[in-house]
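Peer 1: make a model of this:
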Amino acid sequence: MATLPNPLPKLAADPSGSVLGLELPAGSLIDVTAEGPADEPLLWCADEPAKAGDYDTLQPARRAAGLLPVLLDLGGDQGPLDAWHLLPDEASYPGDHDAEEVLEEFWEEYAADELAPDTDHPSTDSFAEPSPDQAAYDEMIAPYGPEWPGLAPATDPGQEQAADPDARAATLADSLTESVSWLKEPHLALVPARRSADIPAAIGWTGQINYEGDVARLCAVLRSWEDRFGIRVVALTADQLVLSVAAPPTTQEEAEAVAAEHFAFCPDNITQGHHEALRAYARHEVLNQRTWSFWWD
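Peer 2: Here you go, the predicted structure:
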């Protein structure tokens, strides 16, 4: 993956980060991957769990050193980072992929799998009703069909409800550090990356690997969401991605268009979530929602 110069090795001799214009708490440089130690550290991770305000304190690292903050959940079943099976060498560069092409491919591949003929019990009736599987699929993705509906329009960043993306990220980070409902033991980390959307690719995150082997393709979509909705990658667990949203959709029609992208990006959000149809998912999880989360089985 094409990368920027990595400033993290400088922290080996100066753990405080003063050489980079930072004031860091006690922490460690992480170079562990599923294939052995990386040539350079992938990230810096604080030794102690994060507290409210910690994320915002390190946001200046973006400008001072090209390091982006993110919360990593190391508690409960998540385990230490050496159990996350990071594969940075398997990630390409997010900028090499087109977000709409990625989503269109995912959407149409899912449709092809769901609507494939039943070769074990082929129908000989040319006037047969749609199969139960097709009817269920049609209901799940309504108002859309098997053909990719296209990208949702960008939300107007000047709308009354819109927030500053970095401020919204800090607000969500504080909420996640103050609550144990989502993250059991969030630790603050700094990752060398061009933009927040690239953080999963920069560390070789594999939470999505059962769905897509190259996390950079998903990061290309995250880049597009950064541009259209002001998202930031705020937290990662071993298998969950949590985003802040500065300018979410404000109408049901807009939310359904975004929900279609979510479905292509992570079908498990709907097929294994609380809302088993795209319309309901859009209404409850996208419309005016300032946090989006994704989990892959």
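Peer 1: which parts of the stretch 101-250 of the chain are helices?
Peer 2: Using DSSP state H, counting those that start in this stretch, the helices assigned to the stretch 101-250 of the chain run over residues 132-141, 165-178, 199-203, 215-229.
Peer 1: dump those helices to CSV, plus distance to residue 16 and mean neighbour count.
Peer 2: Quick note: C-beta positions are derived from backbone N, CA and C, even for glycine. Formatted as CSV, the helices of the stretch 101-250 of the chain follow (distance: least, C-beta to C-beta, whole Å; neighbours: other C-beta atoms under 10 Å):
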stretch, distance to residue 16, mean neighbour count
helix 132-141, 52, 15
helix 165-178, 22, 20
helix 199-203, 23, 26
helix 215-229, 31, 24
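Peer 1: so which of these is nearest residue 152?
Peer 2: Smallest distance to residue 152 across the helices of the stretch 101-250 of the chain (C-beta to C-beta): 7.2 Å, for helix 215-229.
Peer 1: centroid residue for this structure?
Peer 2: residue 241 (4.3 Å; C-alpha atoms, centre = their mean).
Peer 1: from residue 199, how far out is it?
Peer 2: According to C-beta to C-beta, to the nearest Å, residue 241 and residue 199 sit 10 Å apart.
Peer 1: now the common contact residues for those two.
Peer 2: Common contacts of residue 241 and residue 199 (C-beta atoms under 8 Å, 6 or more residues apart in numbering): residue 233.
Peer 1: in terms of pLDDT, where does residue 274 sit?
Peer 2: Note on residue 274: pLDDT of 89.
Peer 1: and it, helix, strand or coil?
Peer 2: Following DSSP: H, G, I helix; E, B strand; the rest coil, the label given to residue 274 is coil.
Peer 1: quick one: contacts of the helix or strand of the chain with the lowest mean pLDDT?
Peer 2: Sorted by mean pLDDT, DSSP states H and E, the helices and strands of the chain end with helix 132-141, the least confident at a mean of 84. Helix 132-141 is contacted from outside by 111, 114-115, 118, 130, 145, 260, 263, 270-271, 276-278, using C-beta under 8 Å, 6+ apart.
Peer 1: from those, which shows the smallest pLDDT?
Peer 2: residue 130 (47).
Peer 1: rewinding a little: ok, of the contacts of helix 132-141, which come out buried?
Peer 2: Buried subset of the contacts of helix 132-141 (neighbour count, 16 or more other C-beta atoms under 10 Å): 111, 114, 260, 263, 270, 278.
Peer 1: would you turn those into JSON lines with distance to residue 55?
Peer 2: Below are the buried ones among the contacts of helix 132-141 laid out as JSON lines (distance: C-beta to C-beta, whole Å):
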{"residue": "111", "distance to residue 55": "39"}
{"residue": "114", "distance to residue 55": "40"}
{"residue": "260", "distance to residue 55": "31"}
{"residue": "263", "distance to residue 55": "29"}
{"residue": "270", "distance to residue 55": "29"}
{"residue": "278", "distance to residue 55": "32"}
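Peer 1: farthest-separated two in those residues?
Peer 2: So, these by C-beta to C-beta: farthest apart are 114 and 260, at 14.8 Å.
Peer 1: for this protein, which segments count as strands?
Peer 2: 27-30, 43-46, 67-73, 186-192, 231-236, 240-245, 291-295 (DSSP state E).
Peer 1: can you redo these as JSON lines with mean pLDDT and distance to residue 84?
Peer 2: Shown next, in JSON lines, are the strands of the chain (pLDDT from 0 to 100; distance: least, C-beta to C-beta, whole Å):
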{"stretch": "strand 27-30", "mean pLDDT": "96", "distance to residue 84": "10"}
{"stretch": "strand 43-46", "mean pLDDT": "97", "distance to residue 84": "11"}
{"stretch": "strand 67-73", "mean pLDDT": "97", "distance to residue 84": "9"}
{"stretch": "strand 186-192", "mean pLDDT": "96", "distance to residue 84": "12"}
{"stretch": "strand 231-236", "mean pLDDT": "98", "distance to residue 84": "9"}
{"stretch": "strand 240-245", "mean pLDDT": "98", "distance to residue 84": "12"}
{"stretch": "strand 291-295", "mean pLDDT": "97", "distance to residue 84": "15"}
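Peer 1: Serialize those to TSV and add fields for distance to residue 218.
Peer 2: Listed next are the strands of the chain as TSV, based on distance: least, C-beta to C-beta, whole Å:
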stretch	distance to residue 218
strand 27-30	21
strand 43-46	18
strand 67-73	15
strand 186-192	16
strand 231-236	11
strand 240-245	8
strand 291-295	9
